[in-house]
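Colleague: any chance you can model this:
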Amino acid sequence: MTTTTQTARDGENRARKRLGTELSFWGFVTPAMAGLVLFMAIPMVWGFLLSLSRAQNTIHFGHFIGVRNYTDLLTDPEFLNSLWTIFVFTLFIVPTTFVFSLWLAIAVHNIPRGKAFFRTVFFIPTAVSYAAASLIARMSFYSGQSNGFANHIIGLFGLAPIQWIGTASPPWYWLVLVSVRLWLQVGFYMIIFLAALQQIPRSLYEAAALDGASGGFTVFRYITLPQLRAATVSVLLLNLIAAFQAFDEFYNILGGSGSSSGNIGLARPPLVYIYNVALSSQDFGRGAAGGFIITFIIVAFTLAQSRLFGFGSAKEGR
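Modeller: The predicted structure is shown next:
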């Protein structure tokens, strides 16, 4: 009788613990799920329905017009030109960021002392607001005035001041846009590569040294770079997505207030175009459609790139 009672009590205790565990789980998960539904799922569904509607001066859908907003955008020369602009920007910024972040990571990884200091120095710019950095670059560094920092530096070599922003030929504004984005994000990707470098076994380099490959490009090509495969895929994917989401530097450097406010036509990415359509023209249906077109492009490029450099090859290797 005592054994039966003890067994029943043990069963009740296990059931009570299991119930407490489940309640704790749902207590932690429910707020996050509610936030995802409220701030992500519902706006995405609402935006998609809005993109299928004629929604001018209203965010309420109801006058459905099918995919007309999508077809109008895909036949709009200005929108197509904005897509070309972001492709060019991506073509510049992705390889440049990859090379500089990898080079900095290897340099910091190989220095004998002061690694923490250099990690901090190169990572600090990632905490700076894109809008603030863009305004500083426009008004101070690349101001176009003879007393601007960039013109002061080239003036030391006897060169004439350059109008960095607003000159279509040569297009110096591309140098401004790329350099600002590079300064802001290279430290973040450097940390990813640095973490991957620290995971490479030293025994691989020791074995390579015994085989005669003591250092230099050979070791980098056959040992370091293959071991950084996962980090490389991550950096390329994140950098590609960030490039297609470019807005602040274009808007604040080329399209902000002041003397450069009319230069946005030189290089207007899709998000700036969508911003003008949705907020300036109050055409929220076309704005939502433009947002989903950019999303589809990002997803397509992400899947293609991951298949080409990462997941597909890894799967075949297994």
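
Colleague: let me see the domain layout of this protein.
Modeller: Domain assignment for the chain, taken from automatic domain parsing, gives 1-51, 69-317.

Colleague: quick one: those as a markdown table, columns for distance to residue 58 too.
Modeller: Backbone N, C-alpha and C define where each C-beta goes, glycine included. As requested, the domains of the chain are arranged in a markdown table below (distance: least, Cβ to Cβ, whole Å):
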| stretch | distance to residue 58 |
| --- | --- |
| domain 1-51 | 9 |
| domain 69-317 | 7 |
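
Colleague: out of those, which is the most enclosed?
Modeller: Mean neighbours per residue, mean count of other Cβ atoms under 10 Å, is largest over the domains of the chain for domain 69-317, with a mean of 16.

Colleague: about what we covered before: and the domains of the chain: which comes nearest residue 57?
Modeller: domain 69-317 (4.7 Å; Cβ to Cβ).

Colleague: closest to residue 62 out of the domains of the chain?
Modeller: Using Cβ to Cβ as the measure, domain 1-51 is the one of those that comes nearest residue 62, at 9.0 Å.

Colleague: tell me the contacts of residue 104?
Modeller: Residues near residue 104 by Cβ atoms under 8 Å, 6 or more residues apart in numbering: 122, 186, 187, 190.

Colleague: what about the nearest residue to residue 302 once chain neighbours are set aside, which SS state?
Modeller: If you skip the residues right next to it in sequence, residue 302 has residue 237 as its closest partner in space, 5.9 Å away by Cβ to Cβ, 6 or more residues apart in numbering. Taken by DSSP: H, G, I helix; E, B strand; the rest coil, the conformation at residue 237 corresponds to helix.

Colleague: surely residue 237 touches residue 306?
Modeller: Yes: if you go by Cβ atoms under 8 Å, residue 237 and residue 306 touch, sitting 6.4 Å apart.

Colleague: which regions of this protein lie under the pLDDT threshold?
Modeller: Along the chain, segments meeting pLDDT under 70 span 1-11, 212-215, 256-262, 309-318.

Colleague: nearest the geometric middle of it, what residue?
Modeller: When the chain is reduced to its mean C-alpha position, the closest residue under Cα atoms, centre = their mean turns out to be residue 242, at 2.1 Å.

Colleague: hang on, that one in a helix?
Modeller: Yes: assigned with three-state DSSP, residue 242 falls within a helix.
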